[in-house]
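> Predicted coordinates and the sequence they were generated for:
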Amino acid sequence: MRIALVLAVIACPGCGGHATRLAVSPDGRAVLQDAYDGHLDRNWSCSSLRAALLRLPPGGGPVYSTLPQQLGRAAGRACDAALAGIHEGAASAVVGRALGRADATGRCRRYAWQPGTVSVVDGARICLAGGRVARIQVSVHG
């Protein structure tokens, strides 16, 4: 019985349990469509939420009055979780998929987001060597 259960978990990762597939929108447009009614119906990736925030017009406006805050809070939670999954030695592509486009590039890439609801982390500086993560520096403000 125990072997069958283990095989079922291996054969179907994400089925049941707490694992949830993240929705992905590389350019953030689908995130904005989802948020149009005032709340997010899907569990969006950090990279998708950060891309959506970049699509908002500077200064907002009446239509976007609560949207930046809503997306910022969601990004804070998603990016904190994404950052926790990045470790030294990970390929640079893993960082890009998890956190999206860097705010500053070079050997060390900078990523920023609004602090999550249970964290004061608001970004990270991730340094690469040979296409792999060599150092992770967490940004904490507040």
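Good, I have the coordinates.
> these two touch, right, Ala52 and Val31?
Yes - contact criterion Cβ atoms under 8 Å: Ala52 and Val31 qualify, at 3.7 Å. C-beta: built from backbone N, CA, C; applies to glycine.
> Need the residues touching each of these two.
25, 44, 71 (Cβ atoms under 8 Å, 6 or more residues apart in numbering).
> In contact with the residue nearest the centre of the chain, which residues are there?
Centrality entry for the chain: nearest residue to the mean C-alpha point is Cys46, 1.5 Å, by Cα atoms, centre = their mean. Cys46 makes contact with 75, 78-79, 81-83, 98-100, 113, according to Cβ under 8 Å, 6+ apart.
> Just those: which are in helices?
Judged by DSSP state H, these include 75, 78-79, 81-83, 98-99 as members of helices.
> can you put the shared contacts of Ala52 and Val31 in JSON lines and add distance to Arg109?
Converted to JSON lines, the shared contacts of Ala52 and Val31 look like this (distance: Cβ to Cβ, whole Å):
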{"residue": "Ser25", "distance to Arg109": "21"}
{"residue": "Trp44", "distance to Arg109": "21"}
{"residue": "Leu71", "distance to Arg109": "21"}
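> Produce a ChimeraX select command limited to the buried residues of those residues.
Buried members of the shared contacts of Ala52 and Val31, defined by 16 or more other Cβ atoms under 10 Å, are picked up in ChimeraX with:
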select :25,44,71
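> number of nearby residues for Gly100?
As a burial measure, Gly100 scores 25 neighbours (other Cβ atoms under 10 Å).
> Do I have it right that it meets Leu53?
No - using Cβ under 8 Å, Gly100 is not in contact with Leu53; the gap is 9.9 Å.
> okay, and for the protein, where does confidence drop off?
Confidence mapping of the chain against pLDDT under 70 gives the ranges 1-19, 59-64, 142.
> residue boundaries of the helices in it?
Here the chain has its helices, by DSSP H, at 2-11, 29-35, 46-55, 67-84, 92-99.
> Select, out of these, the one closest to His141.
Closest approach to His141 among the helices of the chain is made by helix 67-84 (12.1 Å; Cβ to Cβ).
> What angle do helix 46-55 and the closest one make with each other?
150 degrees (axes from the mean of the first three to the mean of the last three Cα atoms, to 10 degrees).
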